[in-house]
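**Q** model this:
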Amino acid sequence: MRIRSLTARVLLLATLWSAAALVTIALVISALYRQGAERGFNNLLRAQLYNVINSVSIGDGESLSGTPELGDLRFSQPMTGWYWLVEPLSTFNAAPLGSTSLGIGELPVPSREEVPFDAQYERFYEMTDAFGNHLRVAETEVVLDNDGRAARFRVTGNLEVVEEDISFFSRRLYAALAVFGFGGLLVNGLAILYGLKPLERAKRALEKIRAGDAERIEGEYPREIEPLANEINALIDSNRRIVERARMQVGNLAHSLKTPIAVLLNEARVLAKPHSDLVASQAEAMQGQVSSYLNRARIAAQRESILARTEAEPVLERLVRVMRRLNPDMTFDLRIAPGLVFAMEQQDVEETVGNLLENAARFAVSRVAIAASPAEAPEAASDAARRDWIEVTVEDDGQGLEPDQIVEALKRGRRLDETKPGTGLGLSIVNEISSEYQGSFGLSRGAGGGLRARLVLPAVTRDTASGAFA
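**A** Numbers count the residues shown, from 1 in each chain. Down below sits the predicted model:
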């Protein structure tokens with residue numbers, strides 16, 4: 001599974017590399033120490049062998065005689081695995097001479113083909129005695145007198161001593177390397193966290209930009225991160241210029257079309273019926289169409305802006321105050337969850353919610369209920385995973401609509417009740433604006449039988465851990 005955290009990646013790679021390096025170092029050092037310990041053991045056996053050679057000679061009666069003083073009590077204790085043994089060769093007949101630890105036992109002799117002598121006419125080999133001791137044997141053959149009589153000299157040592165020494169050293173080595181490895185991993189972790197701190201500062205700077213508290217990434221950053229911060233600032237500046245250019249073009253177009261449409265409406269008033277009604281209705285439809293498409297162009301230009309934010313509570317309260325003044329005989333109930341912030345321009349929030357309030361007030365009997373609260377992401381939202389959403393519901397106590405009537409009501413320019421004022425564009429505009437912001441809009445029958453409009457719009461993402469907007 002792919003690891004998405006840079007810290008985890010670097011720590012994992014550092015841990016794997018450190019583990020492999022420490023294991024390799026441990027094996028190499030253990031092997032070198034074993035070689036040194038075995039070489040030292042061989043030198044000890046060689047020294048003991050020379051001591052035995054210097055202490056043994058041919059005495060009276062052609063027998064071997066001598067009492068080697070090796071300075072090690074293990075050569076006098078039985079079954080220790082530390083033995084010395086002198087055996088006459090075929091040149092004369094004499095009884096073998098051996099250490100007290102060997103007693104009357106014998107040690108097998110490998111052939112010269114199996115273990116050849118070296119240049120110093122010595123050979124070392126391993127064997128197991130009758131007591132199960134694993135032995136290392138140092139052997140040589142020496143001529144004892146001028147008559148050419150010779151004997152085989154052997155000294156053995158118990159390899160358990162070497163293995164215990166190597167095991168003791170290995171345990172200490174592994175413990176030291178383990179402490180070093182854990183300490184190195186801890187130091188690496190702290191170094192990585194310290195090295196990645198500038199990225200955390202850049203993240204907080206971006207959160208401030210999204211929350212509207214800053215317009216650029218400020219501060220000094222390391223050379224590796226500074227180009228990224230500069231590019232983000234350049235992107236923000238470019239985004240701002242695009243938004244401003246689009247707003248200016250929208251304003252210019254609206255201004256250029258405003259006067260011709262106003263002239264058409266004025267001329268329609270002096271025309272004779274039914275021509276005046278026809279021209280007026282078409283001019284009003286033209287005005288609504290122009291307004292709608294201009295709004296869509298403006299929204300498309302600024303939809304991706306990371307600086308668009310509108311606090312829900314003040315704008316909704318202002319809309320409700322206006323509706324209460326326009327409809328003094330009607331009750332408007334407003335419920336808003338605290339801390340909601342739309343990721344939209346204020347003008348778009350006012351146009352969508354305002355159209356819903358006007359429509360509800362037009363068909364309500366006496367009461368309109370408005371509520372705003374956090375919501376789940378719409379299915380069609382492509383960025384649902386990286387933002388929050390706000391649900392706005394407007395419900396009236398009128399007669400409501402049937403499902404087939406709801407479909408007709410959402411069509412552009414369709415008016416189900418010709419006795420009420422309006423152009424039939426309000427709900428269509430709401431639907432288009434919500435779609436441009438990747439939100440959703442729907443109509444249904446409310447709990448009291450009236451029409452319930454549900455609008456889901458993007459919100460500024462709130463960091464749940466800190467409570468700050470991002």
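**Q** could you give the mean pLDDT of the host helix or strand of residue 353?
**A** Using DSSP states H and E, residue 353 sits in helix 346-363. Per-residue pLDDT over helix 346-363 has a mean of 89.
**Q** what's in contact with the very next helix or strand once past it?
**A** Sequence-wise, the next helix or strand downstream of helix 346-363 (DSSP H and E) is strand 367-375. Strand 367-375 is touched from outside by 312, 316, 320, 323, 330-337, 340, 353, 357, 360-361, 388-397, 456, 459, with contacts defined as CB atoms under 8 Å, 6 or more residues apart in numbering. Backbone N, C-alpha and C define where each C-beta goes, glycine included.
**Q** Same question for stretch 348-361.
**A** Taking CB under 8 Å, 6+ apart as the rule, stretch 348-361 contacts 295, 299, 310, 312, 315-316, 319-320, 323, 326-327, 330, 332, 342, 368, 370, 392, 394-396, 398, 422, 426-427, 429-430, 433-434, 437, 451, 453, 455, 457.
**Q** Got a quick ChimeraX command for the buried subset of the residues you listed?
**A** The buried residues among the contacts of stretch 348-361 can be selected in ChimeraX (16 or more other CB atoms under 10 Å) with this line:
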select :295,299,310,312,315,316,319,320,323,327,330,332,342,368,370,392,394,395,396,398,422,426,427,429,430,433,434,437,451,453,455,457
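**Q** Cross the contacts of stretch 348-361 against helices and list the overlap.
**A** When DSSP state H defines the helices, the subset of the contacts of stretch 348-361 inside them is 295, 299, 312, 315-316, 319-320, 323, 326, 426-427, 429-430, 433-434.
**Q** mind listing the helices for the stretch 151-300 of the chain?
**A** Using DSSP state H, counting those that start in this stretch, the helices of the stretch 151-300 of the chain run over 160-195, 197-211, 226-270, 275-302.
**Q** With mean pLDDT as new columns, can those be given to me in TSV?
**A** Formatted as TSV, the helices of the stretch 151-300 of the chain follow (pLDDT from 0 to 100):
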stretch	mean pLDDT
helix 160-195	89
helix 197-211	80
helix 226-270	77
helix 275-302	68
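**Q** Turn the ones you listed into CSV, including distance to residue 52.
**A** Output for those, formatted as CSV (distance: least, CB to CB, whole Å):
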stretch, distance to residue 52
helix 160-195, 19
helix 197-211, 71
helix 226-270, 78
helix 275-302, 101
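**Q** which SSE is residue 141 in?
**A** Using DSSP H and E, residue 141 sits within strand 134-143.
**Q** what angle do that strand and helix 160-195 make?
**A** Orientation check (axes from the mean of the first three to the mean of the last three CA atoms, to 10 degrees): strand 134-143 against helix 160-195 gives 130 degrees.
**Q** Each with direction, which strands does strand 134-143 pair with?
**A** Strands adjacent to strand 134-143 in the sheet, as given by DSSP bridges, are strand 122-128 (antiparallel), strand 150-158 (antiparallel).
**Q** For the longest one, C-alpha coordinates in PDB please.
**A** Right, strand 150-158. Presented in PDB, the C-alpha positions along strand 150-158 are these (Å, rounded to 0.1, in the frame of the first residue of the first chain):
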ATOM      1  CA  ALA A 150      60.300 -39.600  16.800                       C
ATOM      2  CA  ALA A 151      57.000 -39.100  18.500                       C
ATOM      3  CA  ARG A 152      53.600 -37.500  17.800                       C
ATOM      4  CA  PHE A 153      52.800 -34.500  20.000                       C
ATOM      5  CA  ARG A 154      49.200 -33.400  20.500                       C
ATOM      6  CA  VAL A 155      47.600 -30.800  22.700                       C
ATOM      7  CA  THR A 156      43.800 -30.300  22.700                       C
ATOM      8  CA  GLY A 157      41.600 -27.500  24.000                       C
ATOM      9  CA  ASN A 158      37.800 -27.400  24.600                       C
END
